[in-house]
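> Build me a model from this:
(2 chains)
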Amino acid sequence: MRHTISVLVENRFGVLARIAGLFSARGYNIASLAVSETMDPTISYMTMVVEAEDEKILEQIKKQLNKLIDIISVTDFTKKAHVDRELVLAKVSYSQKDKAKFENSIAKTGAKIVQKTAGFVIIEMLGDQTEIKALLDSLKQFGIKELVRSGRIAISK
Amino acid sequence: MNIMKLNGAKILIESLKKEGVEVIFGYPGGQVLPIFDALYDADIKFILPRHEQGAAHAADGYSRATGKVGVCLATSGPGATNLTTGIANAYMDSIPMVAITGQVKSFLIGNDAFQEADVTGVTRSITKHNFLVKDVKELAKTIREAFYIASSGRPGPVLIDIPSDIQQQETEFIWPEEVSIRSYKPTSFGHPGQIKKAAKLIASSKKPLIYAGGGVITSEAYRELRKLAEKLNAPVTWTLMGIGCFPATHKLSLGMLGMHGTAYANHAIMESDLIIAVGARFDDRVTGRLDKFAPYAKVIHIDIDPTSISKNVRVDIPVVGDAKNILGQLLEDIDKLPDTSEWLKTIEAWKKKYPLKYQDKKDVIKPQYVVEQIYEATKGNAIITTEVGQNQMWAAQWYKYDYPRTFLSSGGLGTMGFGLPAAMGAKVGKPDAIVFDIAGDGSIQMNIQELATCVCNKIHVKVAILNNGYLGMVRQWQELFYKKRYSHTTLVNPDFVKLAEAYGAVGIRVTKKEDVRKAIEKAISIDNTVFIDFKVEEEENVYPMVPAGEALNRMIEGLA
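Sure thing, here's the model as predicted:
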């Protein structure tokens, strides 16, 4: 199962490597990771989505993160009210006969066309995981040439 | 007012003095020349080992014997990578240590400069924390934090990597008296509610067992542990790292448990209805097959490290914090005592039925006999270090440790070559103690160069080589599980007596049982480092033994 965890860390070189090292050394997988500075430039905020087969592994991940000296706090959003978002950019191509169908899908899912070129369009969408899944499902019929995702970010309610 | 400016190297030395460092184990090299220049007339003891790994193990042994933070020092690149085994060893056993390494000049970092290695990268997973100092103004604060991190919470090694230009740059030396790290606040006192719950559970148990580990020694909780055992009238078993945390000669003692633990300790934990784990982490060498481990027991787990709790064994009442504080509180909170009389009778019966034993012979020296004789000759007052393998297990089984910090052994990492440099470090920290390294003929050769360090610094340790001509523990596994196919475990050894003499030490060879005790006594009386080469039974095995992957009570006894 996937879990969203956020950590506040000292904004120093090497901190990301420590976290990555912790995951790789113990064989945990990071599905996505987003890092940025906070209002306080000495602190960074990381949101990570991790795979944990069971509660025990999730607990270990959280405890091991807490154990790292440069980590200030760890928040697990699994059972905590929160808002999460992810940004998706995709290159999609479609044949002219599907134009109306494509535009309809885009409008329905709440995605936006950023740029149109001869061979494809670039679309963007900001949404939660359900919305993004709906978008990706509806785009499959047209042909996604390239897909980039920002990784999930989350904030507690 | 005159501001006194010091260069980074001098700041390092002054900071180490502020931290109360008595001795540095270190090796010079190109990127630590400024530090060595500052050491030239510094009033701090310096020991030059013959290999950086020796420096790290010596700092580790010093720390284990004294409880203080051990300090080792090496140059960049190969100097630093040679420290890594010693650092990993200290990390696995939670030993407070500060390792200082030189680094290439800061503007050359990342250039594949001569003797450059990404040392903070290499040691990230084997240190509690590490630092690369990029500004000389940060140096004093970094050292202060390094010692604080190394020695607080669950202790461990901390590495400080200092580029040589930072060692040369000058700044005002300001020693931060206070240290506060916002992201690091180890828990010291246990949760009072949890301790109360633990006290209740203890009262309702019938077969309680105290399972103690190295954390008891680290937090100096042995008095509290003994009080608890005596108050509850509960038996005590311990891990390899816990040896010495409870007197082995005490009537409630069960000795070590686990793969080569006593049969009665293993039976006791398997039958127990309550395990009170203190500063131990349910390592696989202790639990045996996990899903068969202690099926009837509830578990109270007292540990400073939350990651140790419920990692391997499901815990009913976790109490996170310092063992000494928690046991102190627990002793106050226990008002109702369990009745353990039946339980102790059962245990007595196991002790009679399954004693620790070996088949002694008249004409052959048994390794266990040598260890027993060292115990007798030193009256149990020596500091024993070990290498890794059969020598280590026999040293753990056949010498009775009544005091903490007297058995120094590589527990978690299992590092061959630990014993001699660790003995050296221990002897530096405890110069009045008799220090014995109980070694194997394989392990001793892994850091044998430190014999030179011992001799020239008059660090007179005694080395008892249990020489069986094999890498004995691996041979034992090959015998038992690989149809006696002794693949590359036979050793052709040097003449250890001549070798000791070549280094300026004393060598004694013992081939007859009746000479064992005399040789040990002679070694103790000689004012020099002594190697005793005991030619012991070649294919002796360590028993009892729980085969890997078996339940703890499925021991091989191995004796007729």
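> quick one: B:Arg509 and B:Asp360, what's the gap?
21 Å (CB to CB, to the nearest Å). All C-beta atoms are positioned from the backbone trio N, CA, C, and that covers glycine.
> Those two: who's more crowded?
More neighbours surround B:Arg509 than the other of B:Arg509 and B:Asp360, with 18 against 12 (other CB atoms under 10 Å in any protein chain shown).
> Touching, that one and B:Asp533? I think so.
Yes: taking contacts as CB atoms under 8 Å, B:Arg509 lies within contact range of B:Asp533: 4.6 Å.
> intersection of neighbour lists for the two?
Counting by CB atoms under 8 Å, 6 or more residues apart in numbering or on different chains, the shared contacts of B:Arg509 and B:Asp533 are B:496-497.
> for chain B, what are the nearby residues on chain A?
A:9-10, A:13-14, A:17-18, A:21, A:25, A:56, A:59-60, A:63-64, A:66-67, A:69-72 (CB under 8 Å from any CB of the partner chain).
> all helices in chain A, in order from the N-terminus.
A:15-25, A:55-67, A:99-109, A:129-139 (DSSP state H).
> Go through these and pick out the most buried.
Among the helices of chain A, ranked by average contacts under mean count of other CB atoms under 10 Å in any protein chain shown, first place goes to helix A:55-67 (a mean of 18).
> Can you get me a residue count around the closest residue to B:Asp441 other than its chain neighbours?
Once flanking residues are discounted, B:Asp441 sits nearest to B:Asn467: 4.2 Å by CB to CB, 6 or more residues apart in numbering or on different chains. Residues lying near B:Asn467 (other CB under 10 Å) number 27.
> residues in contact with the helix or strand of chain B at the bottom of the mean pLDDT ranking?
Every helix and strand of chain B was ranked by mean pLDDT, DSSP states H and E. The lowest is helix B:284-287, at a mean of 92. By CB under 8 Å, 6+ apart, the residues outside helix B:284-287 that reach it are B:239-240, B:257-259, B:261, B:280, B:290, B:293-294, B:312-313, B:552.
> from those, which is closest to B:Ile434?
Checking these against B:Ile434 by CB to CB gives B:Leu240 as the nearest, at 21.5 Å.
> Let me know how buried the nearest residue to the closest one once chain neighbours are set aside is, in neighbour terms.
Spatial nearest neighbour of B:Leu240, excluding adjacent residues (CB to CB, 6+ apart): B:Gly411 at 4.8 Å. Neighbour count of B:Gly411, defined by other CB under 10 Å: 25.
> any idea how far the lowest-mean-pLDDT helix or strand in chain A is from the chain center?
For chain A, counting by mean pLDDT, DSSP H and E, helix A:99-109 ranks last in confidence among helices and strands (a mean of 88). For helix A:99-109, the separation from the chain centroid amounts to 24 Å (computed by CA atoms, centre = their mean, to the nearest Å).
> Check stretch B:201-212 too.
27 Å.
> May I see the buried residues of that stretch?
For stretch B:201-212, the neighbour count (16 or more other CB atoms under 10 Å in any protein chain shown) marks B:201-202, B:205, B:207-212 as buried.
> Columns secondary structure on top of those, output as CSV?
Shown next, in CSV, are these (DSSP: H, G, I helix; E, B strand; the rest coil):
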residue, secondary structure
B:Leu201, helix
B:Ile202, helix
B:Ser205, coil
B:Lys207, coil
B:Pro208, strand
B:Leu209, strand
B:Ile210, strand
B:Tyr211, strand
B:Ala212, strand
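> Out of those, which comes closest to chain A?
Closest approach between these and chain A, by CB to the nearest CB: B:Tyr211, at 20.8 Å.
> What does the pLDDT read for the residue lying farthest from the centre of chain A?
In chain A, the residue that sits farthest from the middle, by CA atoms, centre = their mean, is A:Lys97; the gap is 33.3 Å. Listed pLDDT for A:Lys97 reads 87.
> So for B:Asn381, which of the helices of chain A sits nearest?
Per CB to CB, nearest to B:Asn381 of the helices of chain A: helix A:55-67, 37.8 Å.
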